[in-house]
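Student: Sequence and computational prediction follow.
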Amino acid sequence: MNSEATTAPQATAADALTAEFMSRSELRTLLDISERQERDWHTRRIGPPRVQIGHLVLYRREAVLSWLRSQEKKAPASTPRPRRRSVARAAR
């Protein structure tokens, strides 16, 4: 039996998995956060959704992008300031 034929499907499955998911270290690099920050997000349930299989933690790339989009905040609308009365007018 050809050993190359048996390892090729495994490589393809691994490539597909890595294409769809990212590791914890990839997430931290992408978002420029520390390991502590990533754990804190998980504890507080505020970070991107994750998949955990035993000790392996993975983040689906599309879920991370979706989570990032949900974190986007619009700039507050500019509200006109009330006009200040001049001191001279207030004294009248």
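Tutor: Perfect, thanks for sending it.
Student: Please make it C-alpha for all contacts and neighbour counts, starting now.
Tutor: Noted.
Student: wait, is residue 38 part of a strand?
Tutor: No. Counting by DSSP: H, G, I helix; E, B strand; the rest coil, one finds residue 38 to be helix, located in no strand.
Student: Sketch out the strands for this protein, chain order is fine.
Tutor: With DSSP state E as the definition, the chain shows strands at residue ranges 21-23, 51-53, 56-60.
Student: nearest to residue 80, of those strands?
Tutor: With respect to residue 80, and counting by Cα to Cα, the nearest of these is strand 56-60 at 43.4 Å.
Student: Start and end of stretch 55-74, how far apart?
Tutor: In stretch 55-74, first residue to last residue: 37 Å (Cα to Cα, to the nearest Å).
Student: residues of that stretch that come out buried?
Tutor: Residues of stretch 55-74 classed as buried: 58, 59, 60, 61, 64 (neighbour count, 16 or more other Cα atoms under 10 Å).
Student: what does that stretch contact?
Tutor: Stretch 55-74 is contacted by residues 20, 21, 22, 23, 24, 27, 47, 48, 49, 50, 51, 52 when judged by Cα atoms under 8 Å, 6 or more residues apart in numbering.
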